[in-house]
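Enquirer: only geometry, no sequence info:
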Ligand SMILES: Cc1cc2nc3c(=O)[nH]c(=O)nc-3n(C[C@H](O)[C@H](O)[C@H](O)COP(=O)(O)OP(=O)(O)OC[C@H]3O[C@@H](n4cnc5c(N)ncnc54)[C@H](O)[C@@H]3O)c2cc1C
């Protein structure tokens, strides 16, 4: 039997399982999925988990069951490419014939002193839970700083505002407008929403240091009771530590067939892979489809395609609390209730198909 080992049961890992099980897994191949968490986590909803507007159970989906799928719940500590094995914190090693690394990403602190030590995070379920506890235990009238006004910072700030209208929320962003990756019309819509809902936006910010209870913007101290960091990501530490070529986000450089140039049997997936688009759940899933195609061809003894068409992304939707939203569908920008309803609908469909 050959063992296909999948590291990480996130959006990418889950899509691989969906495509290979139940019908496309050859009789002589077994799959071992390793994740520290015993269920698939809906990372795109962590902003709401941290704000306290949804329960923990809402972001969990069970992994599939199959006679040739073995699920291992453990902390992965090292990937040894030369030895074709993966080391776990409990001392165990797992051998692989083929490996898919889909371990997601972590915060990137851009060398800002104190940022790692004194800020909260929503990049893993464990951290989102800590953030939930901190934010929801704050006394009335406390001040929360959110650093970074991309999609996750904006969604967290608006959801927290809805969850705890007594808090003073300050959203710090480097650019002239928040959501700098989106069209200006959307940024203005979202800034107006924040104005109306008394969330303070600090544009052209430069956070130079964080200490317990203090955030420094351009070296000016600002008193805060909690800070959440949403100002950058990088690939999982285990990928950053591999002796391979990486980009400036620590993501592995891969071939058009999504494997490492030196190791045809090691595929890199989702937020761990250096791809031409911004990291997203959709991208991880699109890439998973192409990886499955390569593997199935190889298992049949056929030559996989040399390259694949660019992964098509349908768009991106963000929420502003439970009633409003914004986003892009293809080239079209949408705002308001329709955007929010669409976002909820997409989540419902995802859970329905995976649950
Ligand atoms: C608040 C927020 C909102 C977002 N909204 C959107 C959105 O609307 N649309 C969109 O497309 N994308 C969105 N994203 C981005 C999206 O969540 C990620 O791009 C996506 O989760 C990447 O999928 P992945 O499969 O690469 O990794 P992940 O889904 O992050 O999965 C990684 C898995 O690896 C496991 N793991 C990590 N390290 C270890 C270890 N050492 N040992 C064992 N297991 C480990 C984790 O437990 C996890 O299950 C959002 C992200 C955030 C934070």
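Expert: Structure's in. What do you need? Here the structure is a predicted model, which is why all the values come from computation and not from measurement.
Enquirer: use CA for all of it now, contacts and neighbours both
Expert: Fine.
Enquirer: isn't residue 244 right up against residue 252?
Expert: Yes - between residue 244 and residue 252 there is a contact under CA atoms under 8 Å: 7.0 Å.
Enquirer: compare those two (neighbour count), which wins?
Expert: residue 252 (28 against 15; other CA atoms under 10 Å).
Enquirer: if the more buried one is in a bridge, with which residues?
Expert: Note on residue 252: beta-bridge partners by DSSP bridges are residue 246, residue 273.
Enquirer: now do the contacts for it.
Expert: Neighbour list for residue 252: 239-240, 244-246, 260, 268, 272-274 [criterion: CA atoms under 8 Å, 6 or more residues apart in numbering].
Enquirer: which of those residues lies closest to the ligand?
Expert: residue 272 (6.1 Å; CA to the nearest ligand atom).
Enquirer: so how many other residues sit close to the spatially closest residue to residue 2 that is not a sequence neighbour?
Expert: Using CA to CA, 6 or more residues apart in numbering and skipping residues adjacent in sequence, the residue nearest residue 2 is residue 29, 4.8 Å away. Close neighbours of residue 29, defined as other CA under 10 Å, add up to 15.
Enquirer: same check, this time on residue 181
Expert: 11.
Enquirer: any idea which element it lies in?
Expert: Applying DSSP states H and E as the criterion places residue 181 outside every helix and strand.
Enquirer: which residue sits closest to it, ignoring its sequence neighbours?
Expert: Per CA to CA, 6+ apart, closest to residue 181 is residue 150, 7.6 Å.
Enquirer: roughly how far does that neighbour sit from the ligand?
Expert: Counting by CA to the nearest ligand atom, to the nearest Å, the separation of residue 150 from the ligand is 9 Å.
Enquirer: one more: residue 103?
Expert: Residue 103 is 4 Å from the ligand, by CA to the nearest ligand atom.
Enquirer: I'd guessed that residue sits against residue 8; true?
Expert: Yes - between residue 103 and residue 8 there is a contact at 4.8 Å, judged by CA under 8 Å.
Enquirer: and the two? Which one has more around it.
Expert: residue 103 (28 against 23).
Enquirer: in contact with the more buried one, which residues?
Expert: Going by CA under 8 Å, 6+ apart, residue 103 touches 7-10, 236, 269, 271-272.
Enquirer: if we use 10 Å, what do you get?
Expert: 6-13, 34-35, 76, 235-239, 268-273 (CA atoms under 10 Å, 6 or more residues apart in numbering).
Enquirer: state the number of residues packed around the closest residue to residue 285 other than its chain neighbours.
Expert: Nearest non-adjacent residue to residue 285, counting by CA to CA, 6+ apart: residue 12, 4.9 Å away. As a burial measure, residue 12 scores 30 neighbours (other CA under 10 Å).
Enquirer: again, but for the one 10 residues further on
Expert: With neighbours defined by other CA under 10 Å, the count for residue 22 comes to 13.
Enquirer: repeat for residue 137
Expert: Count around residue 137 with other CA under 10 Å applied: 9.
Enquirer: tell me the pLDDT at it?
Expert: Residue 137 is assigned 98 on the pLDDT scale.
Enquirer: which ones are touching residue 169?
Expert: 141-146, 157-158, 160-161, 194, 198-201, 224, 226-227.
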